[in-house]
Every structure is written in C-alpha cells, then in structure tokens.
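Turn this into a model:
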Amino acid sequence: MNKQAIKELSESLVNCVFVPALKATTKHGVIAEIADAFVNAGKVAPEHRDSVFASLAEREGKMSTGMQYGVAIPHAKTDVVSKLATLIALSPAGIDFDSIDKAPACVFVATLSPRADANSHIKFLAEVSRQLSNRLIREQLRTAKTKAEMITALGGGQE
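Numbering: from 1, shown residues only. Reported below is the predicted structural model:
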C-alpha cells in the first residue's frame with residue numbers, strides 16, 4: 001500500500017467506531033448491536049437508536065449486505081446523522097448474514113450517511129474494501145482483540 005493510501009485510510013479510521021467482539025449471534029442481533037455501538041460512541045443520540053436500527057434493518061430487508069469472504073457492509077441513509085458515521089465490528093465465530101458466498105460474516109463494516117449526502121460512504125467503503133480484499137489482512141483483522149489491533153490489521157498504524 002502506498003503512503004498516500006495509508007494516509008487516507010488512517011484519516012478515515014480516526015472517527016470510526018470499533019467493536020472487537022460482537023456478542024450477537026443473529027443478523028437481527030448484529031444490527032441491534034451496531035445501532036447500540038453508534039449510540040454508545042456518541043455518533044447517534046440515544047433517542048434516535050431505534051430509528052437507526054429500523055433504517056439498517058429496512059436496508060438489510062431489501063437486499064442482504066453480506067458480501068463474500070466473511071465480510072458484511074450494513075449501511076443506511078438517515079436524517080439522524082449530519083455527517084458520515086462509520087463502524088467496524090468483528091464476530092470471531094461468524095454470523096449467518098445471508099452472504100453472497102453463503103459463508104458466515106466475521107467482519108462488519110457499517111455506515112450511516114445523511115440522506116442529503118449521496119456518496120460520503122463510498123470513499124470510506126472503497127478504502128476499507130481495498131484492504132479487506134487481501135486474505136492476509138482479513139485473517140489478521142479476524143484475530144484482533146482491540147481497537148489498536150484492528151487499526152494495525154487494516155494498515156492504519158497505531159492509534
């Protein structure tokens with residue numbers, strides 16, 4: 001990875017929420033835990049937690065965001081955020097997320113975008129997806145136990 005790409009990824013990870021070990025064991029549970037994590041990190045006001053959950057669940061109901069290689073990208077557009085909110089979470093055991101390749105999802109990259117901002121999540125997802133296309137990085141990330149280890153696995157250096 002070149003220096004510019006590392007710089008861009010590091011900058012995009014600065015405000016990201018990290019959840020090293022999801023407790024959920026179902027798709028519904030993951031979505032709920034993601035909504036809770038956004039609230040706990042101060043990215044979403046507590047009174048908007050249910051709205052965030054509903055937005056993520058509604059988007060997931062239209063088409064699964066379970067991709068391949070153990071990665072899922074739950075995302076939604078919502079009026080409860082004024083700027084892009086991002087989250088990376090891990091489930092070491094894996095969760096059935098109706099993925100394209102039928103494999104359980106272990107890495108979750110979630111975004112909440114303001115409705116008025118059509119593309120803010122695309123750059124973030126592109127940067128993280130570029131890293132997650134590498135099998136060795138995915139394996140390192142899956143074994144991460146802390147935020148710092150997650151950032152290091154993604155190539156963003158130490159916090």
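
from here on, contacts and neighbour counts on C-alpha atoms
Noted.

Point out where this structure drops to low pLDDT.
1-12, 118, 156-159 (pLDDT under 70).

One more pass at 80, please.
1-14, 118-120, 155-159 (pLDDT under 80).

all helices of it, in order?
Along the chain, counting by DSSP state H, helices occupy 3-13, 27-40, 49-62, 120-132, 135-142, 147-153.

can you tell me which residue is nearest the centre of the chain?
Geometric centre of the chain, nearest residue: Val109, 1.8 Å, by C-alpha atoms, centre = their mean.

Please verify my assumption that that one contacts Thr86.
Yes. Here Val109 reaches Thr86: they are 7.4 Å apart, a contact under C-alpha atoms under 8 Å.

Distance of the residue nearest to the centre of the chain relative to Leu84?
13 Å (C-alpha to C-alpha, to the nearest Å).

swap in Ala126?
Counting by C-alpha to C-alpha, the gap from Ala126 to Leu84 is 14 Å.

What of Ala37?
Remark: distance between Ala37 and Leu84 (C-alpha to C-alpha) = 15 Å.

do the same with Ala153
22 Å.

When those two are compared, which one has more neighbours?
Legend: neighbour count by other C-alpha atoms under 10 Å for Ala153 and Leu84, higher for Ala153 (22 against 18).

for the more buried one, what are its contacts?
Counting by C-alpha atoms under 8 Å, 6 or more residues apart in numbering, Ala153 touches Ile137, Arg138, Gln140, Leu141, Ala144.
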